[in-house]
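Novice: The following block contains a protein sequence and its predicted model.
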Amino acid sequence: MRYVKPHYYEDFQCTADRCPDTCCAGWQIVIDEESLEKYSRVRGPFGNRLFDSIDWEEGSFRQQKGRCCFLDEENLCDLYKILGKDSLCRTCRMYPRHVEEYEGLRELSLSLSCPVAAEMILTCREPLRLIEEETDEAEELEEEFEDFDLLMFTQLEDARAVIFALLQDRERTMDQRIGLTRQMVEQMQKCIDEERYYDVDGVIDRFRQLSESEMPQGISMTDEPEMSRYTKMCREYTVFGRLERLRPEWSDLLDDAWMTLYEKGEDTYQEIREEFETYCADVWKEEWTLFSENLFLFFLYTYFCGAVYDDWIYSKFALAEFSVRWIQELIMARWAENGEISREDYIEIAYRYAREIEHSDENLNMLEEWLTEGVYEG
Ligand code: SF4
């Protein structure tokens, strides 16, 4: 089995009671079969508590006021304290570690929804590197990969490496890097839609060469916007109304953004945006670009190769672009309210976004569909 992980993956350490939030509130914690079986065998007063704290039909921990019922007032877990680390179910043991499964390959990542992981992902100055390891382990889910398209997956892995090179080219502006990447995935998607599968390699090669040349010839590095930024953001804002809401803090962030940025019309929005850009150029300098690069890479590393299952290459890019744009837009809203922003604001907004969007399959699928319908017309 091949394993791939970001170079910082092993450095993660949970800060438990010092965490600015907790991962044991605001969502359902699903318990794996093996742990359910183990919990059903615990006896005594704690066994009774355990029995009453599990929704056995759903196979998840019950909640009190949106918090896991084992979470104490200091945000520590009673199950961990009383039965030890090994008693945790798979979800609690793994989080915020995330696995994407492919034939013969597991891609490991840290979830942006954990504040500590979000800080590691966003603030890493060293360009993201993927570390690869091989083990003797046999494939567990063999039948699931019967129809796995190995040719397409190889193309996706190659394409992702080129995308990384384009997005990590710090000689270019972030807009130029994104513009080039967008063109590459648009062209790949067109090949797939027209069933010209072997032409995908040509697109990858062409952009690989572009990533190595200083000034790409015969290609525009940025796109002409087809609508004003204000119109675009107001239109995109409506999609949040269709998504499942997991936490009240998320609704507050969205409501505040509406009142601060959009309610007063396009001119006010434009003024705020121009002032914010000046503020970022003065106060944030390279950090703003670094955070954008890291966020883009995070989303593309985690989701891009998943296109092997649905052929939706463009939507993986669109999801990354949408996510970075909205995390930054919500940061701008906070700046407009407070007159300043800190690194902590950036981290907080990034993990809150991830909690709502990434941790609900329903939201993720719905958003991807909406982005495909609304944006790509190839
Ligand atoms: S959110 Fe992250 S840092 Fe906080 S308790 Fe959970 S795993 Fe630990």
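Specialist: That came in fine, so what should we check first?

Novice: Residues of the stretch 151-300 of the chain that sit close to the ligand?
Specialist: Within the stretch 151-300 of the chain, not a single residue sits near the ligand (Cβ under 6 Å from any ligand atom). For every residue, glycine as well, the C-beta is placed using N, CA and C.

Novice: Do a quick rundown of the helices in the stretch 151-300 of the chain.
Specialist: Remark: helices assigned in the stretch 151-300 of the chain by DSSP state H, counting those that start in this stretch are 174-193, 199-212, 229-240, 248-257, 266-279, 286-303.

Novice: In space, what's closest to I29 - neighbours in sequence excluded?
Specialist: Closest residue to I29 apart from its sequence neighbours, by Cβ to Cβ, 6 or more residues apart in numbering: F61 at 4.8 Å.

Novice: For that neighbour, give me its contacts.
Specialist: Residues near F61 by Cβ atoms under 8 Å, 6 or more residues apart in numbering: Q28, I29, I31, S53, I54, D55, C68, C69, F70.

Novice: Of these, which belong to strands?
Specialist: I54, D55, C68 (DSSP state E).

Novice: Which one (most neighbours) among those residues?
Specialist: Per-residue neighbour counts (other Cβ atoms under 10 Å) across these peak at C68, which has 23 neighbours.

Novice: pLDDT score for that one?
Specialist: With respect to pLDDT, C68 scores 92.

Novice: measure it to the ligand for me?
Specialist: 11 Å (Cβ to the nearest ligand atom, to the nearest Å).

Novice: ok, and for stretch 287-307, which residues are buried?
Specialist: The neighbour-count check on stretch 287-307 (16 or more other Cβ atoms under 10 Å) flags 288, 290-307 as buried.

Novice: do stretch 349-360 as well
Specialist: I349, A350, Y351, R352, Y353, A354, R355, E356, I357, E358, H359, S360.

Novice: Quick one: classify the fifth one as helix, strand or coil.
Specialist: Assigned state for Y353: helix (three-state reduction, DSSP: H, G, I helix; E, B strand; the rest coil).

Novice: Tell me, how many residues neighbour the closest residue in space to V308 that isn't next to it in sequence?
Specialist: Nearest non-adjacent residue to V308, counting by Cβ to Cβ, 6+ apart: F153, 4.6 Å away. A count of nearby residues for F153, using other Cβ under 10 Å, gives 18.

Novice: what's the closest non-adjacent residue to the closest residue to the ligand within the stretch 151-300 of the chain?
Specialist: In the stretch 151-300 of the chain, no residue comes nearer to the ligand than R247, which is 12.9 Å away by Cβ to the nearest ligand atom. Spatial nearest neighbour of R247, excluding adjacent residues (Cβ to Cβ, 6+ apart): G26 at 4.5 Å.

Novice: residues touching that neighbour, list them.
Specialist: Residues in contact with G26, defined by Cβ under 8 Å, 6+ apart, are G66, L246, R247, R355.

Novice: Go ahead and confirm the last one touches Y95.
Specialist: It stands for R355. No: using Cβ atoms under 8 Å, R355 is not in contact with Y95; the gap is 11.6 Å.

Novice: For the ligand, what's the nearest residue on the stretch 201-350 of the chain?
Specialist: Taking Cβ to the nearest ligand atom, the stretch 201-350 of the chain has I347 as its residue nearest the ligand, at 11.6 Å.

Novice: what about that residue, which helix or strand?
Specialist: Using DSSP states H and E, I347 sits within helix 343-357.

Novice: Return the list of helices and strands in contact with that helix.
Specialist: helix 115-123, helix 248-257, helix 286-303, helix 313-338, helix 361-375 (3 or more Cβ pairs under 8 Å, 6 or more residues apart in numbering; DSSP states H and E).

Novice: which residues of the stretch 151-300 of the chain score low on pLDDT?
Specialist: Confidence mapping of the stretch 151-300 of the chain against pLDDT under 70 gives the ranges 214-225.
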